[in-house]
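In: quick one: sequence plus predicted model below, questions after.
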Amino acid sequence: MDPTTAVTISVADLADGAADEPFFAEGGTADRPMLIVDLDDAPASVLERAAHRAAISDRLLVGRATMPLDPDAFAPLLGALDLTYATGPDPVATTVIGTPDAGTSAATLLGAVTENPLAALVLRQVLRAADTLAVSGALDVESLGYSTLQGGPEFARWLDDRGPRPLPPPASGDPVLLARDDDTLYVTLNRPERRNAYGTQLRDALVGALRLPLVDESIERVVLDGAGPSFCAGGDLDEFGRTPDAATAHLIRTRGGAGRLVAQLAGRIEVRLHGHCVGAGIEIPAFAGRVVAHPATVFRLPEVSMGLIPGAGGTVSIPRRIGRWRAMHLFVTALPLDAERALAWGLIDEIRAD
């Protein structure tokens, strides 16, 4: 059987152990890394057993309902699945993604999993582990998963397809601007020529800026924004694949990144977003206590399509705002999310044009 093929099973099949078959095919590849669970006409009598089986499964399990469903009636199972698509509008429950066609959405997800099954499966493990940890420990788990995938074949393929690139030029001015107004510190990402890509220079300057309010209690409020057409276009792709070694890179991500500091400052920091916020451009802001976005802001998380997972804290910050199920959808599909839906999901707190 093709190891990338998704099989559709019923809730009764799931309850009877259909997701528990051996995980590895010949050659050590993942056999059927994703299963679709048909939620139409599911008998209530098997939901509890199905939820238990889903919680211990090693495969990605994606619910599919071709009509609106009652999340309360399916609550234990929906919580145990990795995500669920239901035809119709978004329900309040974060376990479900509303869509015009649940079958098409599930097929889109399958295509992304088929392209990068290792990244998708590691992502699943990281998201489930992060659910039970404090921010600092969850960031460590994310980085360990990221480091694992950096040495894998999917990221190597992405690097080969991209081809060699020169290192980005040094910043011509200060990569981050600071201004103080009474008890408020204004921090502005200032590499508009690179759409404020989260490269080494900008990262280090931002970390330095965010340490100031941690040591100066007279700074009661921090406002973070970005110069130019976008707040931040994510990691600087020209720097990808250039880390000296995985162990050093892990320590830099976890002890030298901005996400941990934003989380520590959450009650004092507001982030103002605009333009395209890609990867780190939303992963880091999502730690903040308040996130404001321009109406035209677009969010996207493309790392799985590169054979990786979010590495700037996104597997920690984004699920804590929108739930791991909708986060899984964004991470694996890399589909854009507009400001209106981001507000409805809770990824941002306000849409403001000024």
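Out: Perfect, thanks for sending it. Numbering: from 1, shown residues only.

In: can you give me the strands in the chain?
Out: Using DSSP state E, the strands assigned to the chain run over residues 7-10, 34-38, 60-65, 83-87, 96-99, 176-181, 184-189, 221-226, 269-273, 276-278, 290-293, 298-300, 337-338, 350-351.

In: save those strands as a markdown table, and put in mean neighbour count and distance to Ala327 too.
Out: For every residue, glycine as well, the C-beta is placed using N, CA and C. Output for the strands of the chain, formatted as a markdown table (neighbours: other CB atoms under 10 Å; distance: least, CB to CB, whole Å):
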| stretch | mean neighbour count | distance to Ala327 |
| --- | --- | --- |
| strand 7-10 | 16 | 24 |
| strand 34-38 | 23 | 17 |
| strand 60-65 | 25 | 14 |
| strand 83-87 | 25 | 9 |
| strand 96-99 | 22 | 11 |
| strand 176-181 | 14 | 28 |
| strand 184-189 | 20 | 24 |
| strand 221-226 | 21 | 22 |
| strand 269-273 | 23 | 17 |
| strand 276-278 | 26 | 15 |
| strand 290-293 | 22 | 15 |
| strand 298-300 | 21 | 12 |
| strand 337-338 | 18 | 11 |
| strand 350-351 | 14 | 20 |
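
In: nearest to Pro117, of those?
Out: Checking the strands of the chain against Pro117 by CB to CB gives strand 34-38 as the closest, at 7.9 Å.

In: picking up where we left off before, tell me which of the strands of the chain sits nearest to Thr114.
Out: strand 34-38 (8.1 Å).

In: report all helices and strands that the closest one contacts.
Out: In terms of contacts (3 or more CB pairs under 8 Å, 6 or more residues apart in numbering; DSSP states H and E), strand 34-38 is packed against strand 7-10, helix 11-15, strand 60-65, helix 102-115.

In: tabulate those (CSV), appending mean pLDDT.
Out: Putting those into CSV (pLDDT from 0 to 100) gives the following:
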stretch, mean pLDDT
strand 7-10, 92
helix 11-15, 96
strand 60-65, 97
helix 102-115, 95
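
In: so can I have TSV of these showing distance to Val122?
Out: Output for the helices and strands packed on strand 34-38, formatted as TSV (distance: least, CB to CB, whole Å):
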stretch	distance to Val122
strand 7-10	21
helix 11-15	23
strand 60-65	11
helix 102-115	12
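
In: those: which one's closest to Leu47?
Out: helix 11-15 (6.8 Å).

In: let me see the ranges of the helices in the stretch 51-200 of the chain.
Out: Applying DSSP state H, counting those that start in this stretch to the stretch 51-200 of the chain gives helices spanning 75-80, 102-115, 117-130, 135-150, 153-162, 200-215.
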